[in-house]
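Novice: Fold the following and give me the result.
(chains A and B)
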Amino acid sequence: MAEPPKPDALPSGGQYEAPKPPPKQNPVFRMMGLPNFRFKLPSRNWLIFLTITGGWTAAVLYDKREKKKVQKKWCDLVAHIAQEPLPVNQLRRKLTVFLSAPPGDGISPSRTYFKEYVKPVLVAAAMDYDVIEGRKEGDVRYGTAEQIRRLRRKKGEKALAQEKKEEEEEMDAERAIDMIRDKMNVGPEPGVRGDLVLGRHTWKEYIRGLHEGWLGPVDEPEAPPSEAEPTPSPIHPPTEARTDDPAATTENPEPEKKIEEEKEKKKPSPPPAYISTDKYSSASSSPNTPSTLEPSQPIYQQHLLGFLKTPQRIYNFLNRRHLADQIGRDTAAIVLANYRPYNQSSTFSSTAASEDLDAVPVATKAPELDASASNSTSSSQGWEQQSVLELEEPHWHKSIHKPRKEGDDSEQIWLNDAVIDPRIGERMRRFELTAEEEERARRIAIGAEKTRAIPVQDLRSEKVKLGNFDEA
Amino acid sequence: MSGMDMLSQAEQRELQGRMEKKQMKDFMNMYSNLVQRCFNDCVTDFTSKSLLGKEEGCVMRCVDKFLKSSERLGERFQEQNAAMAQQGGMGVGR
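Specialist: Numbering: from 1, shown residues only, chains lettered A, B, ... in the order given. Below is the predicted model:
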């Protein structure tokens, strides 16, 4: 027979106690008929696991919900524009969107960025848009300049007497469409269009392309013959003030010859610029330059690469609502067509002064500001266009700072400062949301105001009523 | 049309007649589409013989929009036609 457990078996100092009876059942449970169970916390390890998982999930879901709310706010602000009637012979206002692959990456990140943040607002306002994409460094610059040159050619700036015949016979699909539209009297909606530029790299290329398009020659300058010095006399009689040679070549004869050979084998794509930055002031601008260029809107593009930047990227991922808010605001400004001239001020002037101009939707003020006592003494005036989106530059991938390959003489647009010619810079305009619209957006967010769009009533969803109640 | 001068007078007249018939057919087609769509979508209350106010408004707008949209579509179609002809022509000429 086994002996009853000896008191010695217990740890020293422990007293033998009778097993405790189950604790008194909470009378509430007993009244409800529930069994007697005790609330117990899960174990320590489970707690750690659930905290981490639950915390992460909550952060992500909260951010997603807030982001949706914020985007809905901006969409509601502009939704009434989609319902405005449009005559049959007018085409909807068409934006031009400039997308470019961020340094060190492909174009897909830019495309998904656009689709996720910018497109919802454009779709809510039924805005049409045209995309100029760029995969390499000069693509957007070339695309922009080419579009401008095409516009100039259409307006009648013929290139050369010799090529005139070829030009007239050259018809592509776009020209055919334009001709039909002219015949049928179909034209774009009255009102300003606009340019939407995503990212500082694209912005620099855009500015370069603008200048090249309006200040440069209409057709491609002749590649220089393989001699050391560039000939000062132009080869063909100039119709516009031509530059001596394109930007790709420098004074060194050897790279020139190499490039010459390479060009014969394969054209560098994108083609080099038709005018270099230092020739801006000597070039004459096209007579067709409009008095104000289409307003533009640079949009911040958040793009971080790098393994060590993962904490920063996680933080960005959990805070996408703020990004959506900022981009929604910028895009709504485009859609509502609130624009102002760019500020041409010294670098000391604060941005607070530029916000004062926001109250005037179509500002006709002179761009000069009297913010600072002394103008900057640097040789280039501080243009607002040069400093816009500056915060992006430190985040660019380090690969673009690597020394370039031998013989690669294409222009470095991203690393150089943007050069702005006053004639073009003065004509640029920027979209910025007025204070009144901001207030309205704030009210929509808190629910004090509804969207100006009329809710659509669909009679197809009504049930068919049969019967003979009324013989009238 | 470049092919017209190759036909004789009688053939040209016959072609004209056929084109007119076709256009008439297209027009009647469009009309019946319009009536069917607008009636199906707008009129749901059959407890009374006369059109209700909202049904009447709906029908008017339906006709309006149908015609406007078909005009717009026709414009786009013409443009695309010209573009395709242009590209096709260039492809053949090469």
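Novice: Every contact and neighbour count from this point should use C-alpha atoms.
Specialist: Noted.
Novice: How about the longest helix along chain B and chain A, any contact?
Specialist: Criterion DSSP state H: the longest helix present in chain B is helix B:53-93. Yes. On the criterion C-alpha under 8 Å from any C-alpha of the partner chain, helix B:53-93 is in touch with chain A at B:68-69, B:71-72, B:78-80, B:82-84, B:86-87.
Novice: A:Arg430 versus A:Gln385, what's the distance?
Specialist: For A:Gln385, the distance to A:Arg430 (C-alpha to C-alpha, to the nearest Å) stands at 9 Å.
Novice: swap in A:Leu305?
Specialist: A:Leu305 is 30 Å from A:Arg430, by C-alpha to C-alpha.
Novice: So these two - more neighbours on which side?
Specialist: Legend: neighbour count by other C-alpha atoms under 10 Å in any protein chain shown for A:Leu305 and A:Arg430, higher for A:Arg430 (23 against 15).
Novice: give me the element the more buried one is part of.
Specialist: Using DSSP states H and E, A:Arg430 falls within strand A:429-431.
Novice: Show me what that strand packs onto, helices and strands only.
Specialist: Counting contacts by 3 or more C-alpha pairs under 8 Å, 6 or more residues apart in numbering or on different chains; DSSP states H and E, strand A:429-431 is packed against strand A:296-299, helix A:320-336, strand A:339-341.
Novice: give me that answer again for 7 Å
Specialist: Applying 3 or more C-alpha pairs under 7 Å, 6 or more residues apart in numbering or on different chains; DSSP states H and E, one finds that strand A:429-431 contacts strand A:296-299, strand A:339-341.
Novice: Which one, of those strands, ends up nearest to chain B?
Specialist: Minimum separation from chain B across those (C-alpha to the nearest C-alpha) falls at strand A:296-299, 28.3 Å.
Novice: how far away is A:His395 from chain B?
Specialist: In this view, A:His395 and chain B are 44 Å apart by C-alpha to the nearest C-alpha, to the nearest Å.
Novice: Nearest residue to that residue in space, please, no chain neighbours.
Specialist: Of all residues not flanking A:His395 in the chain, A:Leu304 sits nearest, at 6.3 Å (C-alpha to C-alpha, 6 or more residues apart in numbering or on different chains).
Novice: Kindly provide the distance from the closest residue to A:Glu146 other than its chain neighbours to A:Pro272.
Specialist: Excluding its sequence neighbours, the residue lying closest to A:Glu146 (C-alpha to C-alpha, 6+ apart) is A:Gly213, at 6.9 Å. A:Gly213 is 12 Å from A:Pro272, where distance means C-alpha to C-alpha.
Novice: Between the two, point out the one with more neighbours.
Specialist: More crowded of A:Gly213 and A:Pro272, by other C-alpha under 10 Å: A:Gly213, with 29 against 21.
Novice: give me every residue that touches that one.
Specialist: A:145-146, A:148-149 (C-alpha atoms under 7 Å, 6 or more residues apart in numbering or on different chains).
Novice: Now do the same for the longest helix of chain B: mean pLDDT, whole number.
Specialist: Per-residue pLDDT values across helix B:53-93 average out to 85.
Novice: Show me what that helix is packed against.
Specialist: helix A:173-184, helix B:9-42.
Novice: Within the sheet, what are the partner strands of the host helix or strand of A:Leu196, with directions?
Specialist: Counting by DSSP H and E, the element that carries A:Leu196 is strand A:194-198. Note on strand A:194-198: by DSSP bridges, its sheet partners are strand A:94-100 (parallel), strand A:296-299 (parallel).
Novice: how about A:Glu462, what does it touch?
Specialist: With C-alpha under 7 Å, 6+ apart, A:Glu462 has these contacts: B:Thr44.
Novice: Next, find the distance separating it from B:Cys42.
Specialist: 9 Å.
Novice: Name the residues contacting each of those two.
Specialist: With contacts taken as C-alpha under 7 Å, 6+ apart, A:Glu462 and B:Cys42 have no neighbour in common.
Novice: quick one, what contacts A:Ser281?
Specialist: A:Asp421.
Novice: rerun that using 10 Å as the cut-off
Specialist: Applying C-alpha atoms under 10 Å, 6 or more residues apart in numbering or on different chains, we find A:Ser281 in contact with A:215, A:420-423.
Novice: Would you write out the ChimeraX command that picks the buried residues out of those residues?
Specialist: Entered in ChimeraX, the line below selects the buried ones among those, by 16 or more other C-alpha atoms under 10 Å in any protein chain shown:
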select /A:215,420,423
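Novice: Need the contacts of A:Ser281 in a markdown table (columns: distance to chain B).
Specialist: Converted to a markdown table, these look like this (distance: C-alpha to the nearest C-alpha, whole Å):
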| residue | distance to chain B |
| --- | --- |
| A:Leu215 | 31 |
| A:Ile420 | 38 |
| A:Asp421 | 38 |
| A:Pro422 | 40 |
| A:Arg423 | 37 |
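Novice: Relative to chain B, how far out is the spatially most central residue of chain A?
Specialist: Nearest to the mean C-alpha position of chain A, by C-alpha atoms, centre = their mean, lies A:Leu198 at 2.4 Å. Distance of A:Leu198 to chain B, computed by C-alpha to the nearest C-alpha: 30 Å.
Novice: Quick check: closest non-adjacent residue to that residue.
Specialist: Counting by C-alpha to C-alpha, 6+ apart, the residue nearest A:Leu198 is A:Ile299, at 4.9 Å.
Novice: Could you double-check that that neighbour sits in contact with A:Trp203?
Specialist: Yes. A:Ile299 lies in contact with A:Trp203 (C-alpha atoms under 10 Å); the separation is 8.9 Å.
Novice: Look at the residue nearest to B:Gln78 when sequence neighbours are not counted and report its pLDDT.
Specialist: Leaving aside its chain neighbours, B:Gln78 sits nearest to A:Ile180 (7.7 Å; criterion: C-alpha to C-alpha, 6+ apart). Looking at A:Ile180, its pLDDT reads 77.
Novice: Report the contact partners of A:Ile180.
Specialist: Per C-alpha under 10 Å, 6+ apart, neighbours of A:Ile180: A:186, B:75-76, B:78-83.
Novice: about what we covered before: would you check that the residue nearest to the centre of chain A makes contact with A:Thr331?
Specialist: No. Under the criterion of C-alpha under 10 Å, A:Leu198 makes no contact with A:Thr331, lying 11.0 Å away.
Novice: Can you tell me which residues in the stretch 51-200 of chain A are near chain B?
Specialist: Contacts of the stretch 51-200 of chain A with chain B, taken as C-alpha under 10 Å from any C-alpha of the partner chain, map to A:87-91, A:170-181, A:184, A:186.
Novice: who touches the closest residue to B:Glu79 other than its chain neighbours in this structure?
Specialist: Once flanking residues are discounted, B:Glu79 sits nearest to A:Ile177: 5.2 Å by C-alpha to C-alpha, 6+ apart. When contacts are counted by C-alpha under 10 Å, 6+ apart, A:Ile177 touches A:183, B:76, B:78-84, B:86.
Novice: quick one: contacts for the residue of the stretch 51-200 of chain A found nearest chain B?
Specialist: Residue nearest to chain B within the stretch 51-200 of chain A: A:Ala173 (4.6 Å; C-alpha to the nearest C-alpha). By C-alpha under 10 Å, 6+ apart, the contact set of A:Ala173 is A:179, B:79-87, B:90.
Novice: if you set the cut-off to 6 Å instead, what comes out?
Specialist: Counting by C-alpha atoms under 6 Å, 6 or more residues apart in numbering or on different chains, A:Ala173 touches B:Ala83.
Novice: Same check on A:Ser286?
Specialist: The contact partners of A:Ser286, by C-alpha under 6 Å, 6+ apart, come to A:Trp214.
Novice: Since that was my last question, I'll sign off now.
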